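S.K.: what shape does this take:
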Amino acid sequence: MTNYEKYLQSKLKDPLFKKEYEREYGKVKIAYEISQMRKKKKMSQDVLARKIGSTQSAVARIEAGKQNLSLDTLSKIAEAFDCEVKIAFAK
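M.R.: Down below sits the predicted model:
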């Protein structure tokens, strides 16, 4: 285990830190999936932006995890990738 992993494990014992970490991890995970799907489709950020009625800079923020996404935006992105959005609540 790396020093970082040890540090993270110790921080995750704090319930407040863990809650915020998991919330942010969820955002980053969605952003990463969008970026990977776009690259797999060989689509530029500009092309994706036009398909969803947005701008390239907004797509860049989405892929960086710095943009809050509405269900409407997620649906537009899914349509651009010819797939569907699935949302699940897990415990």
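
S.K.: which residues of the protein fall in helices?
M.R.: Counting by DSSP state H, the chain has helices at residues 3-11, 15-40, 45-52, 56-63, 71-80.

S.K.: end-to-end on stretch 34-54?
M.R.: End-to-end distance for stretch 34-54, by CA to CA, to the nearest Å: 15 Å.

S.K.: which of the residues in it are buried?
M.R.: Residues 34, 35, 37, 38, 43, 45, 48, 49, 52, 54 are the ones in stretch 34-54 that count as buried (16 or more other CB atoms under 10 Å). Backbone N, C-alpha and C define where each C-beta goes, glycine included.

S.K.: so the third one makes contact with residue 81?
M.R.: Yes. The pair residue 37 / residue 81 is scored as a contact, 5.1 Å apart, by CB atoms under 8 Å.

S.K.: any common contacting residues for those two?
M.R.: Any residue near both residue 37 and residue 81 by CB atoms under 8 Å, 6 or more residues apart in numbering counts here, and not one turns up.
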